[in-house]
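Peer 1: What follows is a predicted structure for the sequence shown.
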Amino acid sequence: MHKALSSLKTGLSAVKAFVLPQRKIVPPKELKLNHDTGMLKLLACLLMLSDHMGKMIFTSAYRIRFSGAWSALLPQINIFRGIGRLAMPLFAYCVAVGCNYTRNIWKYVLRLFLLGILVHPLYQEAMGHVPFMQLKLTGNVFEAIKHIYEYYYQGRNLNILFTLGSAVLILACYRHRRYAGLALAVALTVHWHSRIDYGYEGVFLVILFYALLDRPFVSAFSVVLFFVNWCIPRLLVDFTVKASTEIYALLCLPLIYIPIKKRYVRLPKWTFYAFYPAHLLLIFVLLWMKTK
């Protein structure tokens, strides 16, 4: 029995080596930006909570307003949501650093997509993308699964984990030189553009941070240009157009480019994976209490 299992394992290894030949992985870059991603992740989680609470719970909170010449450019926004706009670049940067140093980037991809799939019904309910607690399940198990899929997964709003997962998948294919897979991952991102949170701009931001981890000045200049192009696309043509609320995210960039060389905050790997569904559950409970 032992010999049979050993032979089977050897055969599977040979098949794997034939189908997925070993290729030299792209080496990690020298990180010349903020090393303390634990602090940035913790801050990003709190900012994300502020953003989502502002959208669903504190909807009538004080709104940020501007007067004078800037009033035609900077959009008005709920103060909780304005603060929350700073979360996305921090997450994008931390994911880029994770892709640079992770021991197994494929497991990283799997964790993001798997959690994204599992938490998506809660995300849809908590963030108001479907009518609150209106899913009706009838029939057998297979029909119930079909109803759940149609109700929660066929909409236009896929959660942020699909965005981050798409970026990590692209970087995984690049680092392992799987160029056919890279083309498929890019095509998948383009296909998902109108459905994933932040669109392909969010995916590209992660890739941009990763590409310039070792070039801080070029990175800062490129990221600012990226946000200007993303948030103020018609500024040169029509100055009266309002910028996207993502323009406020530029305020977090100093935190990324401060060259802290030591990790002062060390968080367990599962911290974000636990916080994301937990904060959605909190919002869901608060919404449920408001409806009673």
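Peer 2: Thanks, I have the structure now.

Peer 1: quick one, strands of the chain?
Peer 2: Under the criterion DSSP state E, the chain contains strands at 63-64, 77-78.

Peer 1: CSV for those, including mean neighbour count and distance to residue 84?
Peer 2: For every residue, glycine as well, the C-beta is placed using N, CA and C. Conversion of those to CSV gives the following (neighbours: other C-beta atoms under 10 Å; distance: least, C-beta to C-beta, whole Å):
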stretch, mean neighbour count, distance to residue 84
strand 63-64, 14, 12
strand 77-78, 20, 9
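
Peer 1: Including mean pLDDT and distance to residue 214, could those strands go into CSV?
Peer 2: CSV is the format used below for the strands of the chain (pLDDT from 0 to 100; distance: least, C-beta to C-beta, whole Å):
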stretch, mean pLDDT, distance to residue 214
strand 63-64, 73, 36
strand 77-78, 85, 34
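
Peer 1: do you know which of those strands lies nearest residue 57?
Peer 2: strand 77-78 (10.6 Å; C-beta to C-beta).

Peer 1: for the stretch 51-200 of the chain, what spans make up the helices?
Peer 2: 79-84, 87-101, 105-126, 141-148, 160-175, 179-191, 199-211 (DSSP state H, counting those that start in this stretch).

Peer 1: Pipe the strands of the chain into CSV and attach distance to residue 200 per row.
Peer 2: Below are the strands of the chain laid out as CSV (distance: least, C-beta to C-beta, whole Å):
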stretch, distance to residue 200
strand 63-64, 28
strand 77-78, 23
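
Peer 1: nearest to residue 258, of those strands?
Peer 2: Of all these, strand 63-64 comes closest under C-beta to C-beta, at 24.9 Å.

Peer 1: Off-centre distance for that closest one?
Peer 2: Remark: strand 63-64 is offset 26 Å from the chain centroid, using C-alpha atoms, centre = their mean, to the nearest Å.

Peer 1: Would you agree residue 252 is in contact with residue 89?
Peer 2: Yes. Counting by C-beta atoms under 8 Å, residue 89 is a contact partner of residue 252 at 5.3 Å.

Peer 1: All set now, cheers.
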